[in-house]
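# Take a look and give me a structure for this.
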Amino acid sequence: MKRQFIIFLVILVTLVSCDKGDVDFITPEPVVKLLFVANEGNFGEGNGSISVINDEGVVNTIENVGDVVQSLLVHNDKLFVIVNNSHTIKVFNIFENGFLELDSEISTNESSPREMIILENKLYFTNWNTSDVKILNLSTYTIESSITLDGLPESIVENNGDIYVGIMMNSDYSDASTVVKINPTTNYVTSTYEVGAGPTSLLVSDDKIYVARTFYDSSWNAFHGTSLIDLNLDDSVSIVNYGAGTVCGGSVHSFKGNPYRSFQGGVASLKSDLTINESTLIGNYEAQNVYSVETIGDKVYVGTYDGYVKILSEDNIEISSYQVGSFPGDFEIWEKQ
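Sure thing, here's the model as predicted:
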């Protein structure tokens with residue numbers, strides 16, 4: 001009996017030890033992260049490209065994607081690419097090694113597509129030549145309808161199931177001044193907001209629509225401003241112009257939960273009155289060499305005219321610098337565990 005008891009204890013200890021060992025040595029799969037950069041290329045030359053940068057800093061560039069690689073959007077394991085002057089949307093399958101495989105190429109019928117969002121298995125994208133928002137069915141990759149607008153639409157965002165579009169210019173290329181709200185169920189414009197001249201970029205944050213604006217005088221001198229549509233306060237609109245000499249880009253971003261404006265050689269936060277808090281500037285580059293800026297997570301991405309991407313921390317420290325293609329203008333990140 002004593003011997004049987006001892007054998008039982010040995011078996012029990014062995015089982016517990018094995019079970020504990022199984023728990024202790026489970027390790028999570030590493031996260032694969034890829035940064036995609038849209039290199040617009042030279043208008044009319046068809047030399048737009050996409051650079052893929054992996055976690056180890058290896059840059060792989062897909063050449064000759066088309067004429068002006070305008071914007072990127074990651075959705076699941078696919079990369080959607082608007083090629084503006086080729087009038088196409090290209091869809092690539094994403095692989096963990098950074099390889100991109102062309103899945104589909106969709107003609108937009110000479111529409112000059114610009115920016116895009118995805119909502120309920122449909123891709124909505126703005127177009128200059130046709131002055132509309134077209135709707136691409138992601139199950140069939142066919143354009144199933146369009147929403148005609150008054151002017152040239154640029155930035156497009158979604159909030160609480162509604163779509164907001166900035167009308168950047170009129171059909172004669174003079175400065176427009178409106179943001180429109182679209183009901184995607186009916187495809188009708190339900191509201192129009194006067195936000196000041198030149199809405200170029202939209203940001204949704206806490207039921208507020210921030211609008212970055214760039215506009216010009218008769219001598220083509222650039223001016224900048226920011227507007228706010230407060231959906232919490234009966235859609236009230238606030239408009240601030242920064243005046244001559246203020247060096248801004250054309251974009252507005254969310255960074256660590258706060259609105260930031262492209263400013264000088266980087267980005268800086270917006271105060272509650274929409275003025276720029278210069279003390280929060282991230283990016284000390286020469287403004288004339290900055291082509292684009294973006295914020296993703298806790299990093300700031302700066303594309304330069306000479307074909308580099310600079311990555312900065314929230315402490316304004318340059319973490320990395322990569323040579324990519326001509327005119328890096330848009331950025332997307334894909335992650336997979």
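# Quick check: nearest residue in space to residue 284, chain neighbours excluded?
Distances taken as C-beta to C-beta, 6 or more residues apart in numbering put residue 265 closest to residue 284, at 5.7 Å, once the chain neighbours are dropped. Every C-beta, even on glycine, is put in place using the N, C-alpha and C of the backbone.
# Just give me the neighbour total for that neighbour.
Using other C-beta atoms under 10 Å, residue 265 has 21 other residues around it.
# distance of it from residue 141?
In this view, residue 265 and residue 141 are 40 Å apart by C-beta to C-beta, to the nearest Å.
# could you check the distance from the residue nearest to residue 284 over to residue 41?
From residue 265 over to residue 41 the distance is 23 Å, taken as C-beta to C-beta.
# next one: residue 168
21 Å.
# quick one: which of the two has more around it?
More crowded of residue 168 and residue 41, by other C-beta under 10 Å: residue 168, with 27 against 24.
# mind listing what the residue lying closest to residue 196 once chain neighbours are set aside touches?
Distance criterion C-beta to C-beta, 6+ apart; nearest residue to residue 196, sequence neighbours excluded, is residue 239 at 4.3 Å. Residues near residue 239 by C-beta atoms under 8 Å, 6 or more residues apart in numbering: 195, 196, 225, 227.
# got it, and residue 327?
Residue 327 makes contacts with 39, 40, 41, 42, 291, 303, 305, 307, as judged by C-beta under 8 Å, 6+ apart.
# ok so, going back, please list only the buried members of the contacts of residue 239.
195, 196, 225, 227 (16 or more other C-beta atoms under 10 Å).
# returning to that earlier point: thought the residue nearest to residue 284 was touching residue 278?
No - with contacts counted by C-beta atoms under 8 Å, residue 265 stays clear of residue 278, the gap being 11.9 Å.
# Helix, strand or coil: sort out residue 288 for me.
Assigned state for residue 288: helix (three-state reduction, DSSP: H, G, I helix; E, B strand; the rest coil).
# quick one: it from residue 116, how far?
Distance from residue 288 to residue 116, by C-beta to C-beta: 29 Å.
# and those two? which has more neighbours close in?
Taking other C-beta under 10 Å, residue 288 and residue 116 do not tie; residue 116 has more neighbours (22 against 9).
# Quickly find the element holding the more buried one.
Take DSSP states H and E as the rule and residue 116 turns out to sit in strand 113-119.
# Show me what that strand pairs with in its sheet, parallel or antiparallel.
Strand 113-119 pairs in its sheet with strand 122-127 (antiparallel), by DSSP bridges.
# Just checking: what are the partner strands of the helix or strand following the partner strand?
Downstream of strand 122-127, the first helix or strand assigned by DSSP H and E is strand 132-137. Using DSSP bridges, the strands paired with strand 132-137 are strand 122-127 (antiparallel), strand 142-148 (antiparallel).
# Would you mind giving these as a markdown table with mean neighbour count, mean pLDDT and distance to residue 330 added?
Below are the strands paired with strand 132-137 laid out as a markdown table (neighbours: other C-beta atoms under 10 Å; pLDDT from 0 to 100; distance: least, C-beta to C-beta, whole Å):
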| stretch | mean neighbour count | mean pLDDT | distance to residue 330 |
| --- | --- | --- | --- |
| strand 122-127 | 23 | 98 | 13 |
| strand 142-148 | 14 | 98 | 22 |
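# Dump those to JSON lines, plus distance to residue 298.
JSON lines is the format used below for those (distance: least, C-beta to C-beta, whole Å):
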{"stretch": "strand 122-127", "distance to residue 298": "28"}
{"stretch": "strand 142-148", "distance to residue 298": "36"}
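# and residue 201, which of the ones you listed is closest to it?
When the strands paired with strand 132-137 are compared by C-beta to C-beta, strand 122-127 sits nearest residue 201, at 12.1 Å.
# ok, and what's touching that closest one?
Contacts for strand 122-127 (C-beta under 8 Å, 6+ apart): 73, 80, 82, 89, 108, 111-118, 132-138, 144, 153-156, 163, 165, 184.
# What subset of those residues is buried?
By neighbour count, with 16+ other C-beta under 10 Å, the contacts of strand 122-127 hold 73, 80, 82, 89, 108, 111-118, 132-136, 138, 153-156, 163, 165, 184 as buried.
# I'd like to know how far the residue nearest to residue 284 sits from residue 200.
Counting by C-beta to C-beta - residue 265 and residue 200 are separated by 18 Å.
# Equivalent analysis for residue 188, please.
24 Å.
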